[in-house]
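1. Need a 3D model of the sequence below.
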Amino acid sequence: DVYSDPPEIGRDLQRRHGTFPLFRFWGPLAGIESTRWIASAAIDVMREHDPDLTLVYLPHLDYDLQRSGPENVAEQVRAVDAEAARILDAQPGRRFLVVSEYGITRVAGALHPNRALRKAGLLEVIDNPVGELLDPARSRAFATVSAGRFTTSSRHADFCTSTRRSSPPATVKVQAKCFR
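-> Predicted coordinates for the structure are as follows:
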């Protein structure tokens with residue numbers, strides 16, 4: 001379903017453009033279909049409702065970069081550019097700000113910070129029928145990945161305080177030292 005306020009807008013968009021292709025939005029089946037649907041819906045909403053601010057997320061490249069790597073996406077970049085151009089061309093009097101969420105680059109190895117934290121006695125797990133799961137409530141520290149950078153949550157202030165650096169390349173290098 002499509003959320004909108006008022007609800008009639010979402011129902012009207014689905015009547016015109018069909019059911020939103022959710023399973024083409026992200027994941028193994030991700031494709032241009034959801035981006036096309038979103039671009040068409042954005043054009044309709046801007047033309048018919050003239051909002052003061054419109055935020056449009058075109059998801060097509062998100063999963064393709066992860067699936068194919070940065071070297072193999074030229075065709076997908078052209079496809080999403082065409083959809084963005086449709087939005088820009090449909091609204092010539094509007095101002096647009098186009099931003100990118102992040103980029104992807106090849107990596108040459110893996111870090112396993114939670115293994116190191118567990119070995120140090122700082123990370124706790126729960127056993128369940130499918131295996132072990134992180135127990136954040138009992139863990140004194142654990143790491144998650146966000147935007148390609150480790151984020152360490154810790155109630156143990158002395159552990160690897162250098163992971164709080166702000167620049168992403170330095171953060172990864174410093175954390176690599178902490179977690180080896």
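2. Only C-alpha atoms from now on, for both contacts and neighbour counts.
-> OK.
3. Next up, the contacts around the most centrally placed residue in the chain.
-> The residue lying closest to the centre of the chain (Cα atoms, centre = their mean) is Asp62, at 6.7 Å. For Asp62, the contacting residues are Trp26, by Cα atoms under 8 Å, 6 or more residues apart in numbering.
4. Check the secondary structure at it for me.
-> helix (DSSP: H, G, I helix; E, B strand; the rest coil).
5. distance of it from Val98?
-> 15 Å (Cα to Cα, to the nearest Å).
6. same check, this time on Ser139
-> 40 Å.
7. Looking at these two, which is more packed in?
-> For Ser139 and Val98, the more surrounded residue by other Cα atoms under 10 Å is Ser139, and the numbers stand at 19 against 8.
8. Surely the more buried one touches Leu117?
-> No - using Cα atoms under 8 Å, Ser139 is not in contact with Leu117; the gap is 9.3 Å.
9. what sits in contact with each of those two?
-> Taking Cα under 8 Å, 6+ apart as the criterion, Ser139 and Leu117 both touch Leu123.
10. Would you agree Ala42 is in contact with Ala90?
-> No - the criterion here is Cα under 8 Å, and Ala42 misses it with Ala90 at 9.9 Å.
11. neighbour-wise, which of these two wins?
-> Taking neighbours as other Cα under 10 Å, Ala42 and Ala90 compare with Ala42 leading, 19 against 15.
12. What count of nearby residues applies to Leu97?
-> 5.
13. Which secondary structure state does it sit in?
-> Once three-state DSSP is applied, Leu97 turns out coil.
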